[in-house]
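*Asks:* Turn this into a structure:
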Amino acid sequence: MADQVTITLPDGSEREVPRGTTPLDVAASIGKRLAKAAVAAKIDGALVDLDRPIEAAAEVAIVTDDTDEGRAVLRHSTAHVMAQAVLDLFPGAKFAIGPPIADGFYYDFELPGGAHFSEDDLERIEARMREIVGADQPFVREELSRDEGLDLFADQPYKREIIEGVDPSEGAGEGAVSVYRNPHDGDGFVDLCRGPHVPSTKRLGAFKLMKVAGAYWRGDEKRPMLQRIYGTAWESAKALEEHLRRIEEAERRDHRRLGVELDLLSFPEELGAGLALWHPKGAVVRRAMEDFSRQQHEKADYALVYTPHIARSTLWETSGHLDFYADGMYPPMELDEGHAYYPKPMNCPFHILIYKSDIRSYRDLPMRIFELGTVYRYERSGVLHGLMRTRGFTQDDSHIFCTPEQVVPELQSLLGFVLDVLRAFGFSEFEADISTRPAEKSVGSDADWEMATDALFEAIKASGLSYDVAEGEGAFYGPKIDIHLRDAIGRRWQMSTLQVDFQEPQRFEMEYVGADNERHRPIMIHRALFGSVERFFGVLVEHYAGAFPTWLAPVQATVLPVADRHEAYAREVAGRLRDAGVRVEVLDATHDTLGARVRKAKMQKVPYVLVVGDDDVDGRTLGVNARGADQPERGVGLEEFVTRVTAEIAERGSPERDPAGDPEGAAAA
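*Replies:* Numbering: from 1, shown residues only. From the prediction side, this is the model:
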């Protein structure tokens with residue numbers, strides 16, 4: 001019938017519905033629970049409002065509030081409510097953009113006279129938001145011409161700039177703009193937006209404003225500094241409460257705080273932003289990480305190399321970095337009669353030069369090169385964050401040069417290698433993203449990009465990892481796989497990267513002699529396993545809340561003599577452990593009581609605190625306080641403990657069964 005259309009639901013079933021039926025009607029026909037949870041819909045894959053009429057045959061999916069897409073809609077709508085509240089409370093305020101982000105949302109504002117929000121203002125804004133939610137204001141979509149949009153936002157310069165810049169992601173398109181109104185008391189509040197949104201403000205409510213920060217308009221330090229309010233919003237009060245608990249736990253695990261408390265590292269002001277000093281204990285952990293990485297690479301037939309920290313501009317011109325990556329590079333140094341030298345932002349051109357230092361045969365391939373190479377990349381001060389985002393860092397960087405036939409098996413082998421190493425550090429949940437060709441700033445033919453992308457898809461499918469596709473997020477020279485892991489409190493971290501590159505071998509005219517005795521172009525695979533040593537260290541600190549597994553712990557055992565007369569035996573115990581390869585320290589009885597020294601060692605999250613007294617001296621035993629244990633073990637033989645702890649180190653174990661679960665409680669036990 002002409003007035004009926006066929007819709008296909010996610011389970012493959014089909015329904016005939018009247019033309020003009022809305023997704024909300026569809027949800028209600030399926031069940032009350034689905035209609036109540038619905039916040040938006042997908043029509044043929046496009047996110048739309050629940051009241052969007054279905055005018056033709058289509059695939060229809062209901063987006064509920066407990067999904068990632070549904071939460072993004074909730075957060076986007078809550079950001080609009082916050083903007084309305086701010087404009088109500090601060091007449092003359094200018095508002096810029098307010099997108100949903102991971103776990104929340106933000107909105108940028110410019111207050112009259114350059115004023116700043118205070119913590120008290122957040123309480124007032126939140127109270128006004130709850131009034132708006134209670135008013136049950138509908139979200140009404142309108143399409144306007146470009147000129148109508150400019151007139152509507154005549155007193156809002158940031159909105160006008162978006163319209164004039166024609167940014168579809170923010171509601172502006174060629175010749176048209178989309179806006180959403182919340183009608184109340186006349187015209188009500190209106191915002192430039194592509195949507196979708198919840199049907200009305202009453203659908204919101206589980207939100208909290210978190211903090212205020214400064215943010216340059218468009219991230220440009222030459223543009224105005226705006227006031228950014230961050231908030232979070234969830235589908236229920238319970239989900240919000242759980243999120244706030246996770247935030248508290250994340251703050252407790254913050255590597256910047258723990259780095260100072262555990263004497264691992266520091267960030268002195270005199271050093272400059274984005275740079276860290278590694279203290280002896282932090283350096284021990286880092287060395288253990290790097291040594292393990294070297295060992296694993298050597299077992300996997302990688303050749304270790306070292307390369308300089310700077311290079312002439314001609315190298316970066318050939319590689320394309322000066323054309324495509326100059327914004328992330330530091331200014332050059334003028335040396336050698338005016339030649340420009342740049343600190344290296346990447347290691348790959350150096351490894352290419354090593355490959356090119358000799359004639360290569362197909363029998364030499366794959367050729368795997370590995371380096372713990374320090375690189376330098378300029379980051380704006382506003383995005384720097386401890387070790388997670390720095391201006392100088394070390395990559396466990398590898399480049400594999402292979403034949404076209406070797407690409408897929410090499411990628412499959414690389415994925416297995418990466419996951420095995422990450423598992424050795426205590427991680428078990430992994431996901432992947434495949435990033436495809438960027439629309440702008442890329443080099444190479446369509447055929448090369450298609451071949452490289454297909455190789456990545458084939459490898460990731462064979463691995464069994466779940467993955468998403470990040471359209472347009474590849475590097476300028478090739479597509480990539482990013483491996484993400486989940487830490488002890490469920491946060492997602494991007495770690496390892498595998499990237500297929502057809503472009504650099506062409507730019508550097510790399511060759512190998514094939515079985516046909518002809519010259520061929522190798523394919524290059526870039527691979528950073530940790531991502532960066534610094535960032536991986538920061539993730540490890542937060543994953544374990546500073547209570548490292550025994551093999552990584554900077555001090556693996558602390559020996560405490562009960563009194564001065566036990567010190568000689570305590571040092572004998574320490575010597576025996578040290579001879580067995582255990583990192584050990586002695587806290588003598590000179591200054592503190594035994595109880596104070598036990599507390600100090602436990603606050604440092606040492607895996608084993610060993611107490612020796614009269615009986616231990618006589619029996620060559622120890623009192624063993626294992627991190628996480630309910631009670632100490634008494635009368636443990638010295639050699640028995642040496643065997644136990646060295647086996648635990650060799651197996652990369654911990655005193656606790658679940659070392660990442662509750663290390664804070666374990667340390668306080």
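*Asks:* in the host helix or strand of residue 83, what's buried?
*Replies:* Secondary structure from DSSP states H and E places residue 83 in helix 68-89. By neighbour count on 16 or more other C-beta atoms under 10 Å, the buried set for helix 68-89 is 69-87. (C-beta placed from N, C-alpha, C; glycine too.)
*Asks:* likewise stretch 243-262?
*Replies:* Neighbour counts over stretch 243-262 (16+ other C-beta under 10 Å) mark 243, 249, 253, 255-256, 258-259, 262 as buried.
*Asks:* thinking again about what came up before, past the helix holding residue 83, which element shows up next along the chain?
*Replies:* strand 94-95.
*Asks:* Mind giving me the packing neighbours of the helix or strand following that following strand?
*Replies:* For strand 94-95, the succeeding helix or strand toward the C-terminus, using DSSP H and E, is strand 100-101. Packed against strand 100-101 by the contact rule (3 or more C-beta pairs under 8 Å, 6 or more residues apart in numbering; DSSP states H and E) you find helix 68-89.
*Asks:* State the mean pLDDT of the helix it packs on.
*Replies:* In this model, helix 68-89 has an average pLDDT of 97.
*Asks:* Which other helices and strands does whichever strand or helix holds residue 414 contact?
*Replies:* Residue 414 belongs to helix 407-424 when elements are defined using DSSP H and E. When contacts are defined as 3+ C-beta pairs under 8 Å, 6+ apart, helix 407-424 packs onto helix 280-299, strand 392-402, helix 446-463, strand 480-486, strand 492-501, strand 523-528.
*Asks:* And it, what's buried?
*Replies:* So helix 407-424, judged by 16+ other C-beta under 10 Å, has buried residues 407-408, 410-412, 414-415, 417-419, 421-422.
*Asks:* just stretch 102-117 next, same as before
*Replies:* Buried residues in stretch 102-117 (16+ other C-beta under 10 Å): 103-111, 117.
*Asks:* List just the nearest of these to residue 219.
*Replies:* Checking the buried residues of stretch 102-117 against residue 219 with C-beta to C-beta, the nearest one is residue 108 at 10.7 Å.
*Asks:* burial count for residue 396?
*Replies:* If you count neighbours by other C-beta atoms under 10 Å, residue 396 ends up with 24.
*Asks:* The one 5 residues further on now?
*Replies:* Other residues near residue 401 come to 25 when the count uses other C-beta under 10 Å.
*Asks:* give the contact list for it.
*Replies:* 355, 360, 365-367, 369, 505, 510, 512, 522-524 (C-beta atoms under 8 Å, 6 or more residues apart in numbering).
*Asks:* Could you check how far it is from residue 324?
*Replies:* Distance of residue 401 to residue 324, given as C-beta to C-beta, to the nearest Å: 21 Å.
*Asks:* And the protein, what are its domain boundaries?
*Replies:* Using automatic domain parsing, the domain parsing of the chain gives 4-64, 69-246, 265-423+501-544, 557-668.
*Asks:* Can you tell me which of those domains is nearest to residue 458?
*Replies:* domain 265-423+501-544 (5.2 Å).
*Asks:* how long is the closest one end to end?
*Replies:* Terminal residues of domain 265-423+501-544 lie 16 Å apart, using C-alpha to C-alpha, to the nearest Å.
*Asks:* Can you read off the backbone torsions of the residue found closest to residue 92 once you drop the neighbours it is linked to in the chain?
*Replies:* Of all residues not flanking residue 92 in the chain, residue 112 sits nearest, at 4.2 Å (C-beta to C-beta, 6 or more residues apart in numbering). Dihedral angles of residue 112 (phi, psi; degrees, to the nearest 10) stand at phi -60, psi 140.
*Asks:* can I get the buried residues of stretch 243-262 in a markdown table with secondary structure, pLDDT and distance to residue 429?
*Replies:* Shown next, in a markdown table, are the buried residues of stretch 243-262 (DSSP: H, G, I helix; E, B strand; the rest coil; pLDDT from 0 to 100; distance: C-beta to C-beta, whole Å):
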| residue | secondary structure | pLDDT | distance to residue 429 |
| --- | --- | --- | --- |
| 243 | helix | 94 | 19 |
| 249 | helix | 94 | 17 |
| 253 | coil | 96 | 17 |
| 255 | helix | 96 | 20 |
| 256 | helix | 95 | 24 |
| 258 | helix | 97 | 22 |
| 259 | helix | 96 | 25 |
| 262 | coil | 97 | 26 |
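*Asks:* Thought residue 570 was touching residue 559, still the case?
*Replies:* Yes - in this structure, residue 559 is within contact of residue 570 by C-beta atoms under 8 Å, at 4.7 Å.
*Asks:* right, and out of the buried residues of stretch 102-117, which lies closest to residue 331?
*Replies:* residue 108 (29.9 Å).
*Asks:* next structured bit after the helix or strand hosting that closest one?
*Replies:* Per DSSP H and E: residue 108 is located in strand 104-110. Heading C-terminal from strand 104-110, the first helix or strand you meet, by DSSP H and E, is helix 119-134.
*Asks:* Identify the bridge partners of the residue nearest the centre of the chain.
*Replies:* By C-alpha atoms, centre = their mean, the mean C-alpha position of the chain lies nearest to residue 493, the distance being 3.7 Å. Counting by DSSP bridges, residue 493 forms beta bridges with residue 485.
*Asks:* Would you enumerate the residues in contact with it?
*Replies:* Residue 493 makes contact with 484-487, 539 under the criterion C-beta under 8 Å, 6+ apart.
*Asks:* 7 Å - rerun?
*Replies:* Contact analysis of residue 493 by C-beta atoms under 7 Å, 6 or more residues apart in numbering lists 484-485, 487, 539.
*Asks:* where does it land on pLDDT?
*Replies:* So, for residue 493, pLDDT stands at 94.
*Asks:* Give me the distance between residue 257 and residue 535.
*Replies:* 17 Å.
*Asks:* let me fix that: residue 497
*Replies:* 12 Å.
*Asks:* the more surrounded of those two?
*Replies:* Taking neighbours as other C-beta under 10 Å, residue 497 and residue 535 compare with residue 535 leading, 23 against 20.
*Asks:* The more buried one belongs to a helix, doesn't it?
*Replies:* Yes - judged by DSSP: H, G, I helix; E, B strand; the rest coil, residue 535 forms part of a helix.
*Asks:* Since that was my last question, I'll sign off now.
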